[in-house]
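Asks: When you get a sec, could you give me coordinates for this:
(2 chains)
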There are 2 protein chains.
Amino acid sequence: MTQLLLSMTLNKATETDTHTPDLFIGIDGGGSSCRAKVLSSDGSITGGGFSGRANPVHGLEKTIESIIDCSQKAIEDAGLESSAIRHITAGIGLAGVNLPSLYEKISRWQHPFKEMFLTTDLHIACLGAHAQQDGSVIIAGTGSCGISISGSKMFSYGAHGFPWGDQCSGAWFGLQAISVSLLAYDDLGPQTSLCDRVCDALNTNPLEIADKMSNQPSKEFAKLARLVFEEAKNGDAVAISVIEDGVGYLNKMARKIMSTSPGRLSLIGGLRSELLPWLASDVQDYLCDPIESPEGGAIYFAQSKSRQKANLAQSQCQ
Amino acid sequence: MTQLLLSMTLNKATETDTHTPDLFIGIDGGGSSCRAKVLSSDGSITGGGFSGRANPVHGLEKTIESIIDCSQKAIEDAGLESSAIRHITAGIGLAGVNLPSLYEKISRWQHPFKEMFLTTDLHIACLGAHAQQDGSVIIAGTGSCGISISGSKMFSYGAHGFPWGDQCSGAWFGLQAISVSLLAYDDLGPQTSLCDRVCDALNTNPLEIADKMSNQPSKEFAKLARLVFEEAKNGDAVAISVIEDGVGYLNKMARKIMSTSPGRLSLIGGLRSELLPWLASDVQDYLCDPIESPEGGAIYFAQSKSRQKANLAQSQCQ
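Replies: Just a heads-up that it's a prediction; the model follows:
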């Protein structure tokens, strides 16, 4: 497990508008999509937006494009002019910014917001799941990882990336589906119905899978994950074995968190409902439902950092 | 196992020079390097060249640059002028050209040779190992695969690419080394001395491995393979388990070849000497030493295709 910095602050000095309630936007950017939520301090204004992937591991330009795109959609959905973006304080949680080089890249962005507070997608997911209280989350979506917040400390588990890490994530299941299919095709592994399913999904044959998947981002592998769960339900022994292998990793992570960071623990992410019935019973029994979305957590983060900054400014004036 | 086309011919009409013996160049291009050998039909002229990687999966431009570079080195080493390239018949075996799109890309190249005959690196390796006779090879270098030639038929095993295939290859060992190191670092897998060795080799810490390895070609993963064998010799149980896992795949492939394509079988590639002592005894006992190098096999290929073409032309004239 890894102790992380709890927050990273990037400020932009702009004029403040005292005639409207404070506006916040929470943004959750990951390997497959980016979601935004606008909320005013009095709760009178709300709006949501959705756009494409925003993982800087796969390109800074696309990440920023997705952040701007889903922000504008959420601002429009909230009934605001697009120019309102410069009056909004943003909390942004992004996959990949635990890596120093990617954090540096995003930090150099000349963002359009009033102010921007940057952290990881894991941090905002955890803040959202437990409504800012201490607790832990395991995320299994395109990637996989765990995070615990305890007071001023934050610990992460996994979050090392694909294909060497991210066990039991969508991308990992997709990679395993391809791997076992090719072993079966070569008669060097047990036969599996996944072989036909993977070829159908990729509209190709086993010999051309490599051609289709070379240099593809993790998101493209994650699209195949559902096939593993479908074929496991159909009784395919190889698909069941792949899930048991992945879930074994998730059980270990959950038990590690349960022993080192007791408190609320939630499983979130795109594979949540598929994975829940496969988890060990002690882990299933321990899990709590998440309270708020990750983008809601990003708003909590922006509000908290804004308050801290205001308090700091006030104490310096006294 | 997959039945493949035995050869692919790409011709270029140029003038022929009748004053010198026929010149041939054999080229073996893979994920880590490219080797060339020049040989005249009377054996009086020989030369060798070496250059960087030539796997079109990782870029056509670099592949062609490496082919030209090692060709010029071999031509110079043979004591010929660089302009002699247009009088040389080339046999080229490349990784990746079993994929239709990559074969098409290389086939569109306006090559500088008198004539070019293109096939896979596997095919020329097999021709070389058994001096053009029927037989099989298992290649474990940056990638891994098997190939059998029987009369006019050629069958391949594996050769599906990294990271979903290429089990027991250098790149696969490197990927496993990173994966088990990160599991150990998170205390979600058994402790292993590989963790420190991998971090030292990459000059980084576990949290920044992903940053170092993102978007790296298979060659960079393959550089870590030697660490697994070194730590296994030092008694590290995780390293031993990784090797046993990889070698299990190679034993299966060898036994498949031994049963379906009985005859000479050689293990070749950069990991040959490391892997040999780990193979099952029945497989070790069956293996023969290779007779010629893959680039030597590429010359056999070029000579054979040239003869076939001359015979065809002669029969059409009659």
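Asks: Show me which residues of chain A sit near chain B.
Replies: Residues of chain A found near chain B (CB under 8 Å from any CB of the partner chain) are A:1-2, A:57, A:98-102, A:157-158, A:160-161, A:163-165, A:175, A:178-179, A:182, A:186-188, A:206-211, A:213-214, A:249, A:252-253, A:256. Yep, even glycine has a C-beta here, placed from its N, CA and C like the rest.
Asks: filter the residues you listed to the buried ones?
Replies: A:1-2, A:57, A:98-99, A:102, A:157-158, A:160-161, A:163-165, A:175, A:178-179, A:182, A:186, A:188, A:206-211, A:213-214, A:249, A:252-253, A:256 (16 or more other CB atoms under 10 Å in any protein chain shown).
Asks: Give me the residues contacting the helix or strand hosting A:Phe221.
Replies: Secondary structure assignment for A:Phe221, by DSSP states H and E: helix A:218-222. Contacts to helix A:218-222, defined as CB atoms under 8 Å, 6 or more residues apart in numbering or on different chains, come from residues A:31-32, A:53, A:55, A:58, A:141-143, A:162-163, A:166, A:169-175, A:178, A:213, A:270.
Asks: Could you do stretch A:252-261 as well?
Replies: Contact with stretch A:252-261 is made by A:1, A:136, A:138, A:146, A:148, A:150, A:155, A:157-158, A:265, A:267, A:279, A:282-283, A:286-287, B:186-188, as judged by CB under 8 Å, 6+ apart.
Asks: Relative to chain B, which residue of the stretch 51-200 of chain A is the closest?
Replies: A:Gly161 (3.6 Å; CB to the nearest CB).
Asks: Look at that residue and tell me its secondary structure.
Replies: The three-state label given to A:Gly161 by DSSP: H, G, I helix; E, B strand; the rest coil is coil.
Asks: Tell me which residues touch it, please.
Replies: Per CB under 8 Å, 6+ apart, neighbours of A:Gly161: A:Val57, A:Gly96, A:Gly143, B:Ala210, B:Met213, B:Ser214.
Asks: Inside helices: which ones of the residues you listed?
Replies: Among the contacts of A:Gly161, the ones falling in helices (DSSP state H) are B:Ala210, B:Met213.
Asks: Throw the contacts of A:Gly161 into JSON lines and include distance to A:Ala222, thanks.
Replies: Formatted as JSON lines, these follow (distance: CB to CB, whole Å):
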{"residue": "A:Val57", "distance to A:Ala222": "14"}
{"residue": "A:Gly96", "distance to A:Ala222": "15"}
{"residue": "A:Gly143", "distance to A:Ala222": "8"}
{"residue": "B:Ala210", "distance to A:Ala222": "17"}
{"residue": "B:Met213", "distance to A:Ala222": "19"}
{"residue": "B:Ser214", "distance to A:Ala222": "17"}
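Asks: Show me the helices in the stretch 51-200 of chain A, by range?
Replies: Per DSSP state H, counting those that start in this stretch, the stretch 51-200 of chain A carries helices over the ranges A:60-77, A:100-107, A:121-129, A:170-185, A:194-202.
Asks: can you list contacts of the shortest one?
Replies: Where contact means CB under 8 Å, 6+ apart, the residues beyond helix A:100-107 that reach it are A:Met8, A:Leu10, A:Pro56, A:Val57, A:Leu60, A:Thr63, A:Leu94, A:Gly96, A:Val97, A:Leu118, B:Glu208, B:Asp211.
Asks: Roughly how far does the last one sit from chain A?
Replies: The one in question is B:Asp211. 4 Å (CB to the nearest CB, to the nearest Å).
Asks: Not counting sequence-adjacent ones, nearest residue to that residue?
Replies: Spatially, and ignoring its direct neighbours in sequence, B:Asp211 is nearest to A:Leu99 (4.3 Å; CB to CB, 6 or more residues apart in numbering or on different chains).
Asks: wait, doesn't the one you found sit right on A:Val57?
Replies: Yes - applying CB atoms under 8 Å, one finds A:Leu99 in contact with A:Val57, separated by 7.4 Å.
Asks: what about the stretch 201-318 of chain A, any weak spots by pLDDT?
Replies: A:318 (pLDDT under 70).
Asks: In contact with A:Ala95: list those residues for me.
Replies: Counting by CB under 8 Å, 6+ apart, A:Ala95 has contacts A:Gly29, A:Gly30, A:Gly31, A:Ala54, A:Asn55, A:Pro56, A:Val57, A:Thr120, A:Asp121, A:Gly143.
Asks: now those residues as a markdown table including pLDDT?
Replies: A markdown table is the format used below for the contacts of A:Ala95 (pLDDT from 0 to 100):
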| residue | pLDDT |
| --- | --- |
| A:Gly29 | 93 |
| A:Gly30 | 86 |
| A:Gly31 | 77 |
| A:Ala54 | 90 |
| A:Asn55 | 87 |
| A:Pro56 | 87 |
| A:Val57 | 80 |
| A:Thr120 | 90 |
| A:Asp121 | 89 |
| A:Gly143 | 89 |
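Asks: Just the buried residues of the residues you listed.
Replies: Buried members of those, scored by 16+ other CB under 10 Å, are A:Gly29, A:Gly30, A:Gly31, A:Ala54, A:Asn55, A:Pro56, A:Val57, A:Thr120, A:Asp121, A:Gly143.
Asks: which residues does the third one contact?
Replies: It stands for A:Gly31. A:53, A:55, A:57-58, A:95, A:141-143, A:171, A:217-219, A:222.
Asks: what about it, is that helix, strand or coil?
Replies: Once three-state DSSP is applied, A:Gly31 turns out coil.
Asks: Spatially, what comes nearest to it if we skip its sequence neighbours?
Replies: Closest to A:Gly31 by CB to CB, 6+ apart is A:Thr142, at 3.6 Å.
Asks: can I assume that neighbour is in contact with A:Phe173?
Replies: No - contact between A:Thr142 and A:Phe173 fails when scored by CB under 8 Å: they sit 10.4 Å apart.
Asks: List the buried residues in the one helix or strand A:Arg226 maps to.
Replies: Taking DSSP H and E as the definition, one finds A:Arg226 inside helix A:225-233. With burial defined by 16+ other CB under 10 Å, the residues of helix A:225-233 counted as buried are A:Ala225, A:Arg226, A:Leu227, A:Val228, A:Phe229, A:Glu231, A:Ala232.
Asks: quick one, domains of chain A?
Replies: A:2-131+A:293-317, A:170-286 (automatic domain parsing).
Asks: Tabulate those (a markdown table), appending distance to B:Leu312.
Replies: Formatted as a markdown table, the domains of chain A follow (distance: least, CB to CB, whole Å):
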| stretch | distance to B:Leu312 |
| --- | --- |
| domain A:2-131+A:293-317 | 50 |
| domain A:170-286 | 29 |
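Asks: contacting residues around the residue nearest to A:Phe173 when sequence neighbours are not counted?
Replies: Among residues not flanking A:Phe173 along the chain, A:Ala225 sits closest, at 3.8 Å (CB to CB, 6+ apart). Applying CB under 8 Å, 6+ apart, we find A:Ala225 in contact with A:Gly170, A:Ala171, A:Phe173, A:Gly174, A:Ala177, A:Leu271, A:Glu274.
Asks: which of the residues you listed count as buried?
Replies: Buried among these (16+ other CB under 10 Å): A:Gly170, A:Ala171, A:Phe173, A:Gly174, A:Ala177, A:Leu271, A:Glu274.
Asks: on that earlier part again, show the backbone phi and psi for the residue nearest to B:Asp211.
Replies: phi -80, psi 120 (degrees, to the nearest 10).
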